[in-house]
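# build me a model from this:
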Amino acid sequence: MEQEKQRVIQEYVPGKQLTLAHVIANPDPILYTKLGIEEASALGILTLTPTETAIIAADIATKAAGVGIGYLDRFTGSLVIVGEVAAVETAIEAVNVFLQEKLQFSTARLTRS
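Numbers count the residues shown, from 1 in each chain. Sure thing, here's the model as predicted:
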């Protein structure tokens, strides 16, 4: 008996969301080497969809606290910010508030390690 072939079509439909908001305090220096960025007290990692939202998040973060942009990719929605631990946390919280209140995004709880 011949088996019927099934065709599966997958489609990526990004929602309006901040899916990861994480702070790494005092990261191992090897992380900076692997990322190709200058060392700081903390890294803040965000993942956003639509992916271009990383640009908006970077602007909000740098205006909210004394942080720098370690890495920004508008094609994957990845953003890494660098700075002192308190500044990185403040910046991520500001991004969360703006996206939730002004753009009606689903946001992620700030996590730390």
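# any weak-confidence spans in this structure?
1-2, 9-14 (pLDDT under 70).
# gap between the host helix or strand of Thr33 and the chain center?
Per DSSP states H and E, Thr33 falls inside helix 29-35. The chain centroid and the centroid of helix 29-35 are separated by 18 Å, computed with Cα atoms, centre = their mean, to the nearest Å.
# buried stuff in it?
By 16 or more other Cβ atoms under 10 Å, the buried positions in helix 29-35 come out as Tyr32. Glycine gets a C-beta too; all of them are placed from N, C-alpha and C.
# ok, now stretch 90-107?
Using 16+ other Cβ under 10 Å as the test for burial, stretch 90-107 gives Thr90, Ala91, Ile92, Glu93, Ala94, Val95, Asn96, Phe98, Leu99, Phe105, Thr107.
# excluding covalently adjacent residues, which one is nearest to the spatially most central residue of the chain?
Nearest to the geometric centre of the chain sits Leu46, at 1.3 Å (Cα atoms, centre = their mean). Closest residue to Leu46 apart from its sequence neighbours, by Cβ to Cβ, 6 or more residues apart in numbering: Leu79 at 4.4 Å.
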